[in-house]
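Asker: Give me a 3D structure for the following:
(2 chains)
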Amino acid sequence: AQKITQTQPGMFVQEKEAVTLDCTYDTSDPSYGLFWYKQPSSGEMIFLIYQGSYDQQNATEGRYSLNFQKARKSANLVISASQLGDSAMYFCAMREIQGAQKLVFGQGTRLTINP
Amino acid sequence: DAGVIQSPRHEVTEMGQEVTLRCKPISGHNSLFWYRQTMMRGLELLIYFNNNVPIDDSGMPEDRFSAKMPNASFSTLKIQPSEPRDSAVYFCASSPLTSGTSLGETQYFGPGTRLLVL
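Answerer: So this is what the prediction gives:
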């Protein structure tokens, strides 16, 4: 079974608009962590934001925030005021306590910001 | 600060040849991970090390793949013999995590090695 599901293969957004990238996950572990990474066309994987399953507040890092809905098992990434440089692949990933340090990645969403 | 360093950045080889990919983790990080990225399978963890010791190699595809970490600042991933289906981007990542109890330790990725096996 898919542990991480990103249902949007591609998204197109106008510059300066906010964008939400969807991520749902599947785990029976009560303790887990959720990560988002950005992969621009140059290929490197850039860490963006982290949310722990017991964190009371949604994580924020600059223009990135994580809309964490534990009961729905979703961890959507919100990018505010999008910029042309935000065009990239975005990956959601999860680490479970029972999985030790193993990160499991979703298939990714390709985000294109139009001028 | 230097990030994770991988070499070579690009490798083109012929089927049957041995391929060695190299990784230098971030100084002070004691966990090292090898991932493979393909269009079909996405990002997959191949193997990871804690304090130079292999912890989980369940993702290694087959005996043609082997990984070593002789010291804290160097790791290799070797494919022998290589096959066209091994063509992929191979990432090395490192993390400061020393135990499995901290979920929030971030893995920092290198730039990847793009491998093409003809």
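Asker: Quick check, pLDDT for residue B:110.
Answerer: pLDDT for residue B:110: 95.
Asker: Return the residues in contact with residue 75.
Answerer: The chain I'm using is chain A. The neighbours of residue A:75, taking Cβ atoms under 8 Å, 6 or more residues apart in numbering or on different chains as the test, are A:23-25, A:34, A:36, A:51, A:66-69, A:92. C-beta: built from backbone N, CA, C; applies to glycine.
Asker: wait, I meant chain B there
Answerer: For residue B:75, the contacting residues are B:22-23, B:25, B:32, B:34, B:49, B:67-69, B:92, taking Cβ under 8 Å, 6+ apart as the criterion.
Asker: By neighbour count, which of the residues you listed wins?
Answerer: Of all these, residue B:32 has the most neighbours under the rule other Cβ atoms under 10 Å in any protein chain shown, reaching 29 neighbours.
Asker: So it: helix, strand or coil?
Answerer: Of the three states, residue B:32 takes strand according to DSSP: H, G, I helix; E, B strand; the rest coil.
Asker: Can you pull out the low-pLDDT segments for chain B?
Answerer: By pLDDT under 70, the low-scoring segments of chain B are B:1, B:97-103.
Asker: Close to chain A: what parts of it are there?
Answerer: Taking Cβ under 8 Å from any Cβ of the partner chain as the criterion, the neighbours of chain A within chain B are B:31, B:33, B:42-43, B:45, B:48, B:50, B:55-56, B:89, B:91, B:93, B:95, B:97, B:100-101, B:103-112, B:114.
Asker: For the residue positioned nearest the centre of chain B, name its beta-bridge partners.
Answerer: Nearest to the mean C-alpha position of chain B, by Cα atoms, centre = their mean, lies residue B:34 at 2.5 Å. Residues found in beta-bridge contact with residue B:34 (criterion: DSSP bridges) are residue B:47, residue B:92.
Asker: okay but it is in contact with residue B:67, surely?
Answerer: Yes: here residue B:34 lies in contact with residue B:67, judged by Cβ atoms under 8 Å, at a distance of 5.8 Å.
Asker: Now the common contact residues for these two.
Answerer: Where contact means Cβ under 8 Å, 6+ apart, the residues bridging residue B:34 and residue B:67 through contact with each are B:46-47, B:75, B:77.
Asker: Of the residues you listed, which is the most crowded?
Answerer: Ranked by neighbour count under the definition other Cβ under 10 Å, the shared contacts of residue B:34 and residue B:67 are headed by residue B:75 with 25 neighbours.
Asker: Now do stretch A:88-98, average pLDDT.
Answerer: 91.
Asker: Can I get it in CSV, CA atoms only?
Answerer: Coordinates of each C-alpha in stretch A:88-98 appear next as CSV, following Å, rounded to 0.1, in the frame of the first residue of the first chain:
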residue,chain,number,x,y,z
ALA,A,88,10.1,22.7,-9.3
MET,A,89,9.1,19.2,-8.2
TYR,A,90,7.9,18.9,-4.7
PHE,A,91,8.1,15.7,-2.7
CYS,A,92,6.3,14.8,0.5
ALA,A,93,8.0,12.2,2.7
MET,A,94,7.3,10.4,6.0
ARG,A,95,9.4,8.8,8.7
GLU,A,96,7.8,6.5,11.2
ILE,A,97,9.2,5.5,14.6
GLN,A,98,9.0,1.8,13.6
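Asker: which residues touch that stretch?
Answerer: Surrounding stretch A:88-98, the residues in contact under the criterion Cβ under 8 Å, 6+ apart are A:3-4, A:6, A:21, A:23, A:25, A:27, A:29-41, A:45, A:48, A:75, A:77, A:101-106, A:108-111, B:43, B:100-101, B:103.
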